[in-house]
Every structure is written in C-alpha cells, then in structure tokens.
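Student: mind looking at a prediction? Sequence and model below.
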Amino acid sequence: MTKTIQSITNPKLRLEVLTADEVRRIHDATLYMIEKVGVRFPSKRALEIWEAHGAEVDHQTKIVRAKPHLIEEALKQAPPAYMLAARDPQQDLPLDGNHVFVGTDGCGVEVIDIYTGQRRTSCLNDVRDIARIADATPEIAFHWVPLSAQDKPPHTRGLHEIKVIWENSTKHVQTESIYNEREARAAMEIAALIAGGKEELRKRPVLSLMQCSTPPLGHDGGSLDAALVAAEFGVPTGFMTMASCLTTGPATLAGNLVVGNAEVIAATALLQLAYPGAPVFYAAAQTASDLRTGAYTGGGPEDFLLAAAGGVLADFYNIPISMGSFATGAKEPNWQAGIENSLSTFMASITMCDMLLGVGFLYGSRIWSYAQMMMDCEIFNIVHKMMQGIVVDEETLALETIAAVGPGGNFLAQKHTKRHMRNLFLPEFLDRRPYGEWETKRDDARDWALAKARRILAEHQPDPLDPKLSAELDRIIESLERVPV
C-alpha cells in the first residue's frame, strides 16, 4: 500500500472574498462584541483563568468580557505553523498555510450499511471499517472520528473511537468526541502511549481535538475543560463555530462572521492565556438556516462564501484552520450532493484552508455513506487539479510539437504527448462512456463508488498496532468505565 497523502500545495488560483479593510472591520467588530457583550464560558477553571488575567467575569452568568488588547496579545502567542503527526511519520501533515488536507467528517449517528444499503444506528465497527478504508485512500489525509460508537458507554465512547482508528490506520486522528476533563486526560494518556511518551506527544502530536462552540457567543463547559487539558499536553486544539444565519447568527453573512469569530478567537485566547504557545487552530462550519423550516442546510451559496471567509480570517490571525466542507444536505449521493460538495470544497481550497472536513456525509453530517465517501474523494481530485492552474513555459507551450504535426494532423503519436498525457485528469466515477453502453447497463457512479469501498474493506490490511499496546489502551478505557460518572 502506498503511504502517499494527496494535498493541495503551491496553488496558482487565488480569490479575494474579503478585502483587507473588510477583514479589519470584522476583527474590530468582534473585539467590540467580546468587550461590550461578552462570551459565555461555563467552566470554573476557564473563568478563573480569565479573571487572573484581568478580564471582567460574571460568575453568575458565566459571561466574560475582555479588553481588545488582552485578546490580541494572547493570539500573538499562538504558533502559526506546526505538524499534525501520524502513527507513520511518512504521513505527518504540515499545517503551514501551503497545504490543504482532507479528512472525514465527525459525530454522525447513522450509517447506510455498506452491504445491505439500509440506514441504521452507527456502532464501533462502523468507525473501524471507515478507518480501514480511509487508511487506503490517499485523498484522505487524516481521520476526524466519523461516527458515534453508540454501542459503547457514553462517558468512554470517544476513547473507544480513537482507539479503534489507531488499530486500523497509521494516519493522524482528530476527534470532537472528548467532552470533559476526565475523558480528556485519558485520551492524552492513550495518545502518549501511541506517540512513545508525554514528551514525544508534545513533539509529535498524533492526536488533535476539536470542540464546538454553542452559538451565539457561548461555549460548553466540559469542552472548555477538555481543551485546556489538551493545551496542557501540547495537543493541537480548535474551536468550531457553527453559527447559522437567522437562528444562532444574524441573517447577514458579515454579522454571522462576527458572532462565529467572537466564539473562536475568545476561546483560542483562553488557551493561550493558560498555556502560551500551545498549538491551536481556527475552526468553522457556518451556514444559513433554511427559510422554510429554520433547519441546518448543509449547503448553499452562503456556506461557500462563509467557508472562504473563514480561511481569510484564520490567515489574519496567523493560525491554521479546519473548515467544514463537503457534508451535503442531500439525502443520497445525487446532483445536490455533487453541487454542494464541489463548490464548498473549491471555495475552502482556494483560500487554502489547512484542513477540510466532511468527506462521506449526507443530510448535513448526520448519515454516513460509503459511496459518498469515494465520490467526495473524486471531487477533491478535481479541485486538486484545478488548483494547479495552467503552467506556461517552453515545454508546455509545445511549439516544436505543434509545428511537427502541422495543419490537419493529430498529436497522439508525439513524444510530447506521451510525456504529458498522464497529467490529464482521468476520473473514476464521472461517466464518460458511450451512450449505448450506459443505456444497456444503467449503472452509475454510486454503484462504482460503493464497489470500490467494498473492495478496499475486503482487501486492505492496515499496519497493525502492537497487541500489547492495544491491551494497554483497553486497560485505560476500562479503568475509566469502572469509575461512576
């Protein structure tokens, strides 16, 4: 199996979704909201950290108001670049502003069974199977724990999930399923064993944590405590806003950005106040609520613009970003999924978001689809090719070759053609067959994508985790399960 990971790097395409002046206005508005309105931090430890650094803290409402200089000085402590380490060092991921890596999406609760095609509740074996397929798929650079292992106890579910991924893949693991301090400390102990010790974990973080905010202008207490534990151990941590126009954010895109930005940078500043220099990342999956129902959409022009804007804001703060992409609102792999996932991925890629999440999900990150997983990888391949732009030099202008062929000829037999033909995009799932063949067979991309996923699951054998190490991870999880919640 190849250890190659595909990423977008050194792009030729560029996009200006926000001017420098507009970014500054959003930043200034964000600082105003944090100072005058405040952000809710329902964590005793978080409130104590804010208070120790001079912020105004209301212990009854849990709302923190901080002066602009406190936020700005704290953010300056965040490292602009670092590495997400993998169990196999060949698959380490540099978050340096010049790579776009793709991962699975996280925390889904249902799966379309890979064999029966029936929708059902997710379990730990689904996490295992997705990890095994992703391990063999070069487009997928890292794992965001894709599904909730609902057959495991809630207070150790997140630990079971990361363990089974490490047992079935050598790539980096990121999770949003660690919700409190006790679980976070167990996760750090597990990650340290995978890395080879606590100091090695600090040097080579094989785990990263994602925590979701609670918009508008709020956070979850357990998630804050877990994030502080991760920062203590030098494990990269990000806060994701999912502020939604109309409901948890203003109807306007600029206002939505202010709400989400306040949530993200306030929490990021907290980590820097507690542990200056801790690796952090910006995270966003902002959207618009549906005008008919108020529901989360999972796609649409607002999502695409907000995704690009998120990348610009992360660049302004000079920290990496994890951006919600793919994760269509469609109920099955269809034209809607293709439109939403293509445009969301392109807009996030063209602003060079370091990490893109969402591969494999339908219905706004609720239902996992193996066919969609494979088709999303093809979408990323298309965007990857587009981002390379057009190379113009003596070789690519092909003047001698054009002259040799002349009027009325063709280029098939030319050496220049043989040198460059494999640079042209060759799809796996786009249907370019003659109409008659399609009319006879009536199969399509969904059939081919599902067949590929089944084939990988049947044939791919990932590099195993040492059985003694697996047993030690089991011991840590079981010890936590024996303690009353």
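Tutor: Great, that's in hand. Residues are numbered from 1 along each chain as shown.
Student: longest helix anywhere in the chain?
Tutor: Within the chain, and with DSSP state H defining each element, the longest helix by residue count is helix 253-274.
Student: show me which positions of it end up buried.
Tutor: Burial within helix 253-274, assessed by neighbour count using 16 or more other CB atoms under 10 Å, is assigned to 253, 256-274. To be clear about C-beta, it is placed using only N, CA and C from the backbone, and glycine gets the same treatment.
Student: ditto for stretch 470-478
Tutor: Of the residues in stretch 470-478, those buried by neighbour count under the rule 16+ other CB under 10 Å are Ser470, Leu473, Ile476, Ile477.
Student: show me the contacts for the third one.
Tutor: Residues in contact with Ile476, defined by CB atoms under 8 Å, 6 or more residues apart in numbering, are Leu159, Ala186, Glu189, Ile190, Leu193.
Student: surely it is within a strand?
Tutor: No - according to DSSP: H, G, I helix; E, B strand; the rest coil, the state of Ile476 is helix, so it is not within a strand.
Student: neighbours of the closest residue to Phe233 other than its chain neighbours, how many?
Tutor: By the measure of CB to CB, 6 or more residues apart in numbering, the closest residue to Phe233 outside its immediate chain neighbours is Met188, 4.6 Å from it. Met188 sits with 22 neighbouring residues when counted by other CB atoms under 10 Å.
Student: any idea how far Ser213 is from Met188?
Tutor: Distance of Met188 to Ser213, computed by CB to CB, to the nearest Å: 22 Å.
Student: in the stretch 101-250 of the chain, which spans are helices?
Tutor: In chain order, the stretch 101-250 of the chain shows helices spanning 124-135, 157-166, 181-195, 198-203, 221-232, with DSSP state H, counting those that start in this stretch as the criterion.
Student: elements contacting the third one?
Tutor: Judged by 3 or more CB pairs under 8 Å, 6 or more residues apart in numbering; DSSP states H and E, helix 181-195 is in contact with helix 157-166, helix 198-203, strand 207-212, helix 221-232, helix 467-481.
Student: now the fourth one and strand 207-212, what's the angle there?
Tutor: Spelled out, it's helix 221-232. Going by axes from the mean of the first three to the mean of the last three CA atoms, to 10 degrees, helix 221-232 is angled at 150 degrees with respect to strand 207-212.
Student: again, but for the longest one
Tutor: Put simply, helix 467-481 runs at 30 degrees to strand 207-212, going by the same axes, to 10 degrees.
Student: start the count at 14, not 1, going forward
Tutor: Got it, the first residue is 14 from now on, which makes the last one we talked about helix 480-494.
Student: now stretch 313-322 - C-alpha only, PDB.
Tutor: What follows is stretch 313-322, C-alpha atoms only, in PDB (Å, rounded to 0.1, in the frame of the first residue of the first chain):
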ATOM      1  CA  GLY A 313     -25.800  26.700  -0.400                       C
ATOM      2  CA  PRO A 314     -24.100  29.900  -1.600                       C
ATOM      3  CA  GLU A 315     -23.900  31.200   2.000                       C
ATOM      4  CA  ASP A 316     -21.900  28.200   3.100                       C
ATOM      5  CA  PHE A 317     -19.500  28.500   0.300                       C
ATOM      6  CA  LEU A 318     -18.800  32.200   1.000                       C
ATOM      7  CA  LEU A 319     -18.600  31.700   4.700                       C
ATOM      8  CA  ALA A 320     -16.100  28.900   4.200                       C
ATOM      9  CA  ALA A 321     -13.800  31.100   2.100                       C
ATOM     10  CA  ALA A 322     -14.100  33.900   4.600                       C
END
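Student: show me the contact partners of that stretch.
Tutor: With CB under 8 Å, 6+ apart as the test, stretch 313-322 has contacts from 28, 30-31, 258, 266, 269-270, 297, 299-301, 310, 336-338, 353, 356-357, 359-361, 363-364, 366.
Student: name the helix or strand of the chain that has the lowest mean pLDDT.
Tutor: Every helix and strand of the chain was ranked by mean pLDDT, DSSP states H and E. The lowest is strand 300-301, at a mean of 92.
Student: ok, and what's touching that one?
Tutor: Met255, Ser257, Cys258, Leu259, Asn269, Tyr309, Thr310, Gly311, Gly313, Glu315, Asp316, Leu319.
Student: narrow the contacts of stretch 313-322 to those that are buried.
Tutor: 30-31, 258, 266, 269-270, 297, 299-301, 310, 336-338, 353, 356-357, 359-361, 363-364, 366.
Student: tell me which of those fall in strands.
Tutor: Using DSSP state E to define strands, the subset of those located there is Cys258, Ala297, Thr300, Ala301, Met336, Gly337.
Student: a markdown table for these, including distance to Thr183?
Tutor: As requested, those are exported to a markdown table (distance: CB to CB, whole Å):
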| residue | distance to Thr183 |
| --- | --- |
| Cys258 | 40 |
| Ala297 | 28 |
| Thr300 | 33 |
| Ala301 | 38 |
| Met336 | 24 |
| Gly337 | 25 |
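Student: contacting residues for Leu214?
Tutor: Shown here is Leu214, whose contacts under the criterion CB under 8 Å, 6+ apart are Met201, Ala204, Ala205, Ala208, Leu220, Phe246, Gly247, Val248.
Student: so which of these comes closest to Phe155?
Tutor: Nearest to Phe155 among the contacts of Leu214 is Leu220, at 10.5 Å by CB to CB.
Student: and the gap between the closest residue to the closest one other than its chain neighbours and Leu486?
Tutor: Using CB to CB, 6+ apart and skipping the chain neighbours, the partner closest in space to Leu220 is Ala204 (4.0 Å). Note on Ala204: its distance to Leu486, by CB to CB, is 10 Å.
Student: ok, Gln73 next?
Tutor: If you measure Gln73 against Leu486 using CB to CB, the figure is 41 Å.
Student: just Ile178 next, same as before
Tutor: Using CB to CB, we find Ile178 at a distance of 11 Å from Leu486.
Student: likewise for Ala321?
Tutor: Counting by CB to CB, the gap between Ala321 and Leu486 amounts to 39 Å.
Student: so where is the chain shaky, pLDDT-wise?
Tutor: When the per-residue scores of the chain are filtered using pLDDT under 70, the ranges that remain are 14-15.
Student: what do you get if the cut-off is 90, keeping everything else the same?
Tutor: Regions of the chain meeting the criterion pLDDT under 90 cover residues 14-17, 25-28, 118-120, 307-312, 340, 377-378, 495-498.
Student: please identify which helix or strand holds the spatially most central residue of it.
Tutor: For the chain, Leu370 is the residue whose C-alpha lies nearest the centre (CA atoms, centre = their mean; 2.9 Å). Secondary structure here is read from DSSP states H and E; on that basis Leu370 sits in strand 368-372.
Student: rewinding a little: and the residue nearest to the centre of the chain, how far is that from Gly51?
Tutor: Computed as CB to CB, the Leu370 to Gly51 distance reads 29 Å.
Student: export the helices and strands packed on helix 194-208 to CSV and tack on distance to Phe374?
Tutor: Below are the helices and strands packed on helix 194-208 laid out as CSV (distance: least, CB to CB, whole Å):
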stretch, distance to Phe374
helix 170-179, 16
helix 211-216, 29
strand 220-225, 15
helix 234-245, 21
helix 480-494, 26
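Student: figure out which of those is closest to Ala91.
Tutor: Of the helices and strands packed on helix 194-208, the one closest to Ala91 (CB to CB) turns out to be helix 234-245, at 10.5 Å.
Student: still on that earlier bit, neighbours around the residue nearest to Leu220, how many?
Tutor: When neighbours are counted by other CB under 10 Å, Ala204 comes out with 25.
Student: that one against Ala243, yeah?
Tutor: No - between Ala204 and Ala243 there is no contact, the gap being 9.3 Å when judged by CB atoms under 8 Å.
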